[in-house]
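K.L.:
compute the structure for the input listed below.
(chains A and B)
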Amino acid sequence: MDDIDAMFSDLLGEMDLLTQVSSDSSLHELEDNDLDALMADLVADLNATEEKLAAEIEGLKVPTPPPSELPLPPPPNDLITPPASSLISPTSPASTSSNGKKNYLKCFITVCIIVCPADKIKLALEKLKEAKVKKLVVKVLMNDGSSKTLMVDERQNVREVLDNMFEKTHCDCNVDWSLCETNPELQLERTFEDHEKLVEPLLAWTRDSENKILFQERGEKHEVFKNPQNFYLWKKDKKTLKDIKDKDKELLIQENFCGTSIIVPDLEGVLYLKEDGKKSWKQRLFQLRASGIYYVPKGKTKSSRDLVCFIQFDNVNVYYGKDFKSKYKAPTDFCFVLKHPQIQKESQYIKYLCCDDAWSMNLWVTGIRIAKYGVSLYENFKTAEKKAAVSAVWTNRSTPSSSNPSTPSPTIKGSTTRNLPLTECFIDLKQLRCDFPPPPPPPPLGEILPPPPPDPILPPPMPPLAAKSALKPAGPQKHLPTNFPPPPLAMDNLPPPPPPPPIDDASEAPPDFLPPPPPAAGFDPVSLPPPPPSQPVFTGAGAPPPPPPPPPPPAAPAAVPRVAVRPAGSLKKVPPAPPKRTTPPLHGGGGGGGGGDFMSELMLAMKKKSSDH
Amino acid sequence: MAAWDLSVTVEDLGSDAPPVAISVASDLHVGGVILKLVEKTQIKRDWSDHALWWDQKQQWLLRTAWTLEKYGIHADARLVFMPQHKPLKLGLPNGITLRLRASFSCPVFQTVMGICRMLNIRHPEELSLLRPVEEKKKKKDKDLAEEIYDLTEVPLSSVSRPCLYNGMPAHFVDSPQMEAIYKMLSVTQPPPAPEVIAKQYRPASVVDKAHINGRWLDSSRCLMQQGIQENDRLWLRFKYSAFYDIEPKYDVVRLTQLYEQARWAILLEDIDCTEEEMMLFGALQYHISKVAQSEPQMLSTNAAMDDLESALMSLEVKMEGENSSASELLETMTAPELCDYLKIFRPKRLTLKGYKQYWFKFQDTSISYFKSKEESIGEPIQQINLRGCEVAPDVNVASQKFLIRLLIPAPEGMNEVYLRCENEQQYAQWMAACRLASKGKSLADSSFQSEIQSIRSFLAMQKSNSHGNATAGDESINTHSLVSPRYHKKYKPKQLTPRILDAYQNVAQLSLTDAVMRFLQIWQALPDFGLSYVVVRFKGSRKDEVLGIAPNRLIRIDLGVGDVVKTWRYNTMKQWNVNWDIRQMAIEFDGNVNIAFSCVTADCKIVHEFIGGYIFMSTRSREKSDTLNEELFHKLTGGHEAL
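P.N.:
The predicted model follows:
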């Protein structure tokens, strides 16, 4: 009995520790308004976890241990997280997963295996996966010089982050909005593709990186779908290209993106290649093919079999070079670069190419992107277009008199951008209800939420950020400054670390067996009081319950103030389904009627196991 | 009306038998003639497939209600009474010859439809028949009996309305022989021996390729009209490179034959590709032949099993089976490790020191190394994450060299690291681990074992090749079987092995269907894909040029330089005409662009049919119905005869 006790205390202790670290990771240097947003995210996170846990415990039919188990002993020493410096090291977030931690997970799984039938183990496995999810707090620069800070989890792709940004900025959601990565040291920039995961490329940044992420309108991102003739018929004269009919554009897209195979524009032309290590540029006749870029060796014909492979695209990304004329004595400023995303400094492994004009540079960069990403580009465009269309409809409906489409009413905007994912979410819920105990019903929304969107058919979801901004004038959240009071010492009682932000639950289908949190509770943690018993810490906090207090800002991260990104990821390791949690009362009193004597059951199981050996 | 004698040769009586004379009147209809004829021969059999062929006019008398007068038949007419369906030797895209009964009386378009129905190939409009290239017959292999698969016994009724049984036409279920034929049709052939590739005719130039297109049969006329005799040999090929609605579930034979045609187009350099592309094609062929041999039914069954689901299912099975050994299960869930003594060399840093031995540990996607096994509990000397790195083999089995060359990305550039293994076994494991790690997969990934297997089989290949005797056993494939003869000269098999292996790592995990599809995709992405060439003479020009006919455009190629001079897309085409008297084609495009040319290497009917055919192909997506709009096809391709 003692063993198990200790084991679970450790487990919970570890979890609490993780919560602490994950939420404090980088709060100290954010602007006030960012903090608001971030806190909203975090609270949503915590609530979601709470819900998930509750559901999970029910699913596991593991009775809740008596609350008397709290407070817990402090976490064992070997689990104390590494110093904050490693925490911000973006290169090795996974390395912090200590063996000790793994052992605990192992223990937990062992328990599961003994106690639960196979399908429950699936759940535990899923949980394990979840625990490994990396998260970053990302600062995104806007055109006006301001910035937004948001949390990105490694499963989120750029599209989802863009949607997030749409909510935060209330821009017109046109298809050109993009996230771009800049590398000032190499004078490079690149537009992320919407299907790319955002976290991965950011992890390649070095600690002292001056790289930035920009939120910008980039016409070239989807230009090939708006004017395919400029890429696929580039040899024709400019007038023919300009006068092309929409029907013919459509046909071009059909031919090149909708067949069995994606067709890459057949580009061929003389480009300047920067010679390794030198500042001289040499002309070569290059050819783009689906399999890579080739050049025609001196004295050979253009026949395919004589071509020499210059580069293939599996391991490189294509970047625009800025101001290479002065930096590298390039013949023109229309340069592009191919390099492995991990390379951040000058290296012989970077390939620099220079074109005669902007037109041909765009041709090449777009052609390379088509060769590299294929049909994903087209899918990205279609998704972006849908998004833009939906928001345009809303904009027109809500602000018919407004002449400026880029500043629609924030409330409406916020709601609409949410609509699609939420509908999916509801469908999932329905399916899940057949197999699992129902999740707590969503609390009545109408009373608490700001005016619902005009469309009566759609559920009135309330994204946290829209809600926040809608509520902002009223000012109940204004008391979330950076000098937030230090967290109470009873940190151990904090809810377990949050799962990925609720955005995920909405846009990606939640795992089949986990009932997602009720939308309202999950998405609007600020305006909804959290279930009281699950967050005992806040019970005394007053009428508008504030989000959980952020832990004290750590000292170490101050050393790298310029880094806009830091992984909170490795430390977010959430131990799987800790059975010891106060179940929210919504679940009808203590999750599962399987009898309260969990511990003795577990004991039996452990005994059985040891006798097996 | 006066009666007169009509003599008709009845084929079934034998070639020596004299013509049968019957007494007819000019108002007798063709059906009546046949009736009299059958009565006269006094042979009792099924005559329903028989019809009259008018030799002088090269015409079938298929309208039985028409009178002799209406047909214009007089006593001097040489008529032959014979079956409409006759045996034909059909060369398939996979190189195998099939004997089957095809219609000699209906337009080739319909004949092909019938053949495709028999073979279970959807979208017959994409295929057609052509006269084969005469093979240079050496006296030696003249008598070498080629294995011919015989389908002539298939009842015609079964072909006209085939009912599918387990996805294959019922006539293929009749006997083991028939099943074997279906297997031949639906399973890819093993890679051909290098000598076989070398022996085949290879077009050496665009003009050579253009000549092949002169061999297509006319779709709007029947086989008899085109001089095809019973038991003649013809090729069945995909003619229009617009493959519509490929659905692996229903298109087993179609996909297999399409793959075979593409493979041979690559091997015989019918279409040009770069060396890198050739290696990838080679790797895919290797993979496809390997998977096809091990699981020949994969193509037909629905292989689209969800990864996660299967993983979970196997987990479940495992747990039910061995509920007691939970610790074992744990082993499978926590990432496995690979530990061993290896030698490392960093070419840049320690140029002089050479290889040094350390204790290596492979975990997740990283390699760590320690001074010795005993010290492996502590901090490693270095940990290298292999995610996104490049892995290249440097192996020579004969001299027992097993090197793994790693190019590891870092912010400063790529770091080069060599790992030296002691033996094959060790190399296969570590190489497989490095490969997976470079793609971000850990050792726990389900593909680890198969990766090891494929590395081993490649090593085996090198071994057998290094002994000089390139025997084409089932275990080892001569890499020369996977590339065109150009590379036979350029590389020895063992030089090719690492290059193909290199490309292979990107495709090794594909299922059979996916690998076939990938092959077709890469083929279709080649710049010259889908181009059928014809040598033409443009109006007003004094030299021969080449017209390339593609699914969406026509291109004009300068024969001297080989450059594309001009491109015209079909969607800007307003109309086209054929002047049959001077055999000239004239095409009008938007914006008053007119071109006209006469055809040199192919009949202008063939060119006309190609263009009309592609326009027909592009109409398919619009009408969703499954029935083929035959009338439209003939309207677009037939020329004056159909109209």
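
K.L.:
and the residue in chain B that chain A sits nearest to, how many residues sit next to it?
P.N.:
Taking CB to the nearest CB as the measure, the point where chain B comes nearest chain A is B:G413, at 3.0 Å. (Glycine included, C-beta is placed from N, CA and C.) The number of residues packed near B:G413 is 20, by other CB atoms under 10 Å in any protein chain shown.

K.L.:
pop the domain breakdown of chain A in here.
P.N.:
Using the TED database, the domain parsing of chain A gives A:135-217, A:222-388.

K.L.:
now do stretch A:144-162, average pLDDT.
P.N.:
Averaged across stretch A:144-162, pLDDT comes to 91.

K.L.:
what does stretch A:219-229 give?
P.N.:
95.

K.L.:
and that stretch, how far apart are its ends?
P.N.:
16 Å (CA to CA, to the nearest Å).

K.L.:
and the strands in the stretch 251-400 of chain A, which stretches?
P.N.:
Assigned by DSSP state E, counting those that start in this stretch, the stretch 251-400 of chain A shows strands spanning A:268-274, A:281-289, A:292-295, A:308-311, A:317-321, A:335-339, A:351-354.

K.L.:
so of the ones you listed, which one's packed in deepest?
P.N.:
Mean neighbour count, computed with mean count of other CB atoms under 10 Å in any protein chain shown, is highest for strand A:335-339 among the strands of the stretch 251-400 of chain A, reaching a mean of 24.

K.L.:
that strand and chain B in contact?
P.N.:
No. For strand A:335-339, no contact with chain B is found by CB under 8 Å from any CB of the partner chain; the gap never falls below 9.1 Å.

K.L.:
so in that sheet, which strands flank that strand, and in what orientation?
P.N.:
strand A:317-321 (antiparallel), strand A:351-354 (antiparallel) (DSSP bridges).

K.L.:
deepest in the core, which of the domains of chain A is it.
P.N.:
Among the domains of chain A, highest average neighbours (mean count of other CB under 10 Å) belong to domain A:135-217, with a mean of 20.

K.L.:
can I get the strands paired with strand A:335-339 in a markdown table with mean pLDDT?
P.N.:
Formatted as a markdown table, those follow (pLDDT from 0 to 100):
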| stretch | mean pLDDT |
| --- | --- |
| strand A:317-321 | 96 |
| strand A:351-354 | 96 |
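
K.L.:
got those strands as a markdown table, with distance to B:Q426 columns?
P.N.:
Converted to a markdown table, those look like this (distance: least, CB to CB, whole Å):
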| stretch | distance to B:Q426 |
| --- | --- |
| strand A:317-321 | 34 |
| strand A:351-354 | 35 |
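
K.L.:
which residues sit in contact with residue 361?
P.N.:
In the absence of a named chain, chain A is used. By CB atoms under 8 Å, 6 or more residues apart in numbering or on different chains, the residues touching A:M361 are A:Y320, A:F334, A:C335, A:F336, A:C355.

K.L.:
that answer is for a different chain, and I need it for chain B
P.N.:
Applying CB under 8 Å, 6+ apart to B:K361 gives the contacts B:E337, B:L338, B:C339, B:I367, B:S368, B:Y369, B:F370, B:S376, B:P380.

K.L.:
and these, which is closest to A:K387?
P.N.:
Relative to A:K387, the closest of the contacts of B:K361 is B:I367; by CB to CB it sits at 42.6 Å.

K.L.:
just the element for the nearest residue to the closest one once chain neighbours are set aside, please.
P.N.:
Among residues not flanking B:I367 along the chain, B:I384 sits closest, at 4.8 Å (CB to CB, 6 or more residues apart in numbering or on different chains). Here B:I384 is covered by strand B:382-385, with elements defined by DSSP states H and E.

K.L.:
next, count neighbours for B:I477.
P.N.:
Using other CB under 10 Å, the number of residues around B:I477 comes to 27.

K.L.:
the closest residue to it other than its chain neighbours: neighbour count?
P.N.:
Leaving aside its sequence neighbours, B:I477 sits nearest to B:P191 (CB to CB, 6+ apart; 5.6 Å). Other residues lying near B:P191 total 23 when counted by other CB under 10 Å.

K.L.:
B:P191: what secondary structure?
P.N.:
Look at B:P191: counting by DSSP: H, G, I helix; E, B strand; the rest coil, its state is coil.

K.L.:
quick one, grab the pLDDT at it.
P.N.:
pLDDT, B:P191: 92.

K.L.:
also B:D270?
P.N.:
92.

K.L.:
go on, the one 3 residues further on?
P.N.:
Per-residue pLDDT puts B:C273 at 94.

K.L.:
what's the end-to-end length of stretch B:444-451?
P.N.:
For stretch B:444-451, the first-to-last residue distance is 12 Å (CA to CA).

K.L.:
so how far is that stretch from its chain's centroid?
P.N.:
Mean C-alpha position of stretch B:444-451 versus that of the full chain (CA atoms, centre = their mean, to the nearest Å) differs by 30 Å.

K.L.:
is chain A within reach of it?
P.N.:
No. Applying CB under 8 Å from any CB, one finds stretch B:444-451 separated from chain A by no less than 11.9 Å.

K.L.:
what comes up buried for that stretch?
P.N.:
B:D445, B:F448, B:E451 (16 or more other CB atoms under 10 Å in any protein chain shown).

K.L.:
sorry, back to before: for the domains of chain A, which one sits closest to B:D251?
P.N.:
Closest approach to B:D251 among these (CB to CB): domain A:222-388, 11.5 Å.

K.L.:
now the terminal residues of that closest one, how far apart.
P.N.:
Chord length of domain A:222-388, first to last residue, is 13 Å (CA to CA).

K.L.:
pLDDT of whichever strand or helix holds B:V565, averaged?
P.N.:
Assigned by DSSP H and E, B:V565 belongs to strand B:564-569. Mean pLDDT, strand B:564-569: 91.

K.L.:
from the contact counts, what lies against it?
P.N.:
The helices and strands touching strand B:564-569, judged by 3 or more CB pairs under 8 Å, 6 or more residues apart in numbering or on different chains; DSSP states H and E, are strand B:553-557.

K.L.:
before we move on, back to that, who touches the strand holding B:I384?
P.N.:
A:S92, A:S95, B:T365, B:S366, B:I367, B:S368, B:Y369, B:L406, B:I408, B:V417, B:A437.

K.L.:
likewise stretch B:72-81?
P.N.:
B:4-12, B:20, B:34, B:37, B:50-56, B:61.

K.L.:
check contacts around the one residue in the stretch 301-450 of chain A that gets nearest to chain B.
P.N.:
Closest to chain B within the stretch 301-450 of chain A is A:S347: 3.0 Å, counting by CB to the nearest CB. Neighbouring residues of A:S347 by CB under 8 Å, 6+ apart: A:K339, B:E412, B:G413, B:M414.

K.L.:
give me that answer again for 10 Å
P.N.:
A:L186, A:D276, A:G277, A:K339, A:H340, B:P409, B:A410, B:P411, B:E412, B:G413, B:M414 (CB atoms under 10 Å, 6 or more residues apart in numbering or on different chains).
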